[in-house]
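K.L.:
model this:
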Amino acid sequence: MDRLTPERRSWLMSRVGSKNTKPELVVRRLVFSMGYRYRLHSKHLPGSPDLVFLGRKKVVFVNGCFWHGHPGCRYGRLPKSRVEFWQAKIDRNRARDRENIASLEADGWRVLTVWQCELKDIETLANRLNEFIQSE
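P.N.:
Residues are numbered from 1 along each chain as shown. This is a model prediction of the structure:
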């Protein structure tokens, strides 16, 4: 049972931003400290990727595990209330993510998705990002 009223929960959830989230800021700082430069939230690309490496034709999406339905992750679980609503919302997000990635790849872009839960192991994440950015 939710301890908040539906109106309060709706208000609270409407305040969750899509840009400059804490996980995104962590990834941005990490990539910048590795010496790479990037553009942010390029609106001319499908899905407005969080980090865009124009010269390399690579993009990085930083996804919240809950909002994008990360499978097998404890943060990606559905809430116990209004399950139908949340399932439909997360399914739409996942479908939109698949469409955006397919569109980017069809245009010759390489795509990497970083999940919120991967930020726990910064060293592994740094290696993964470096390999992605350096690869041809």
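
K.L.:
All the helices of this protein, residue numbers only.
P.N.:
With DSSP state H, the ranges of helices along the chain come out as 6-14, 22-33, 83-106, 122-134.

K.L.:
for those helices, which one sits closest to K43?
P.N.:
helix 83-106 (12.6 Å; Cβ to Cβ). Every residue, glycine included, has its C-beta placed from N, CA and C.

K.L.:
one step back: closest to V52 out of the helices of the chain?
P.N.:
Short answer: helix 83-106, nearest of those by Cβ to Cβ, at 10.2 Å.

K.L.:
Tell me the gap between the closest one and the middle of its chain.
P.N.:
Offset of helix 83-106 from its chain centre (Cα atoms, centre = their mean, to the nearest Å): 12 Å.

K.L.:
and the gap between the closest residue to N130 other than its chain neighbours and E24?
P.N.:
Distances taken as Cβ to Cβ, 6 or more residues apart in numbering place M34 nearest to N130, at 6.2 Å, with adjacent residues excluded. M34 sits at a distance of 16 Å from E24 (criterion: Cβ to Cβ, to the nearest Å).
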